[in-house]
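K.L.:
Pasting the sequence and the predicted coordinates here, then a few questions.
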Amino acid sequence: MAYYLGRLQGPKLEPTVVTVEIDDDRLRIVAGKRHMGSWRLTNMDIMRTSIYRFAFEIEGDNFEFFPDDPSAFSDAAGAVVDLTGRDGRYGLKARIQDATGS
């Protein structure tokens, strides 16, 4: 089981320090000793919205998670970044096109 400490926030949740556990296709969220829930990872869309921030939906509510180790969390959660647009998530595609003149 992998543990990712970070801050979780949402429309009905003030920024809260949580531990996200990922194991056996499950994502579990624990705040202190309080178990907040468990969901199938394959049923979740986890998007990397910045270098440090991830967005996902749980039971109709949108949340943002800021893990202490974004790279490890991204790998474990299978988070994706869309770089296909002109600006892309980080503007990387546009910077490459500007540098190469294409």
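P.N.:
Yes, it's here.
K.L.:
by contact count, what packs against the lengthiest strand in the chain?
P.N.:
Looking across the chain with DSSP state E, the single longest strand is strand 13-23. With contacts taken as 3 or more C-beta pairs under 8 Å, 6 or more residues apart in numbering; DSSP states H and E, strand 13-23 sits against strand 2-10, strand 26-31, strand 61-67, helix 70-77. Any C-beta I mention is one placed from the backbone N, CA and C, and that applies to glycine too.
K.L.:
now it and strand 61-67, what's the angle there?
P.N.:
Relative orientation of strand 13-23 and strand 61-67, computed by axes from the mean of the first three to the mean of the last three C-alpha atoms, to 10 degrees: 70 degrees.
K.L.:
and strand 13-23, which strands flank it?
P.N.:
In the sheet, strand 13-23 lines up against strand 2-10 (antiparallel), strand 26-31 (antiparallel) (DSSP bridges).
K.L.:
That one: which residues count as buried?
P.N.:
18-22 (16 or more other C-beta atoms under 10 Å).
K.L.:
Check stretch 50-64 too.
P.N.:
So, applying 16+ other C-beta under 10 Å, buried residues of stretch 50-64: 53-56, 63-64.
K.L.:
which residues touch that stretch?
P.N.:
Outside of stretch 50-64, the residues within contact range by C-beta atoms under 8 Å, 6 or more residues apart in numbering are 8-13, 37, 39, 44-49, 65-67, 70, 73-74, 77, 79, 89-90.
K.L.:
Low-confidence bits of the protein, can you list those?
P.N.:
82-93, 95, 102 (pLDDT under 70).
K.L.:
ok, 80 please
P.N.:
For the chain, the stretches flagged by pLDDT under 80 are 80-99, 101-102.
K.L.:
Count the residues that sit near residue 72.
P.N.:
Residues lying near residue 72 (other C-beta atoms under 10 Å) number 14.
K.L.:
going forward, begin numbering at 57 instead of 1
P.N.:
Right, with 57 as the first residue, what we last looked at is residue 128.
K.L.:
OK, contacts around the closest residue to it other than its chain neighbours?
P.N.:
If the residues on either side of it in the chain are set aside, residue 128 comes closest to residue 60, at 6.9 Å by C-beta to C-beta, 6 or more residues apart in numbering. Residues in contact with residue 60 (C-beta under 8 Å, 6+ apart) are 75-78, 123-125, 128-129, 132.
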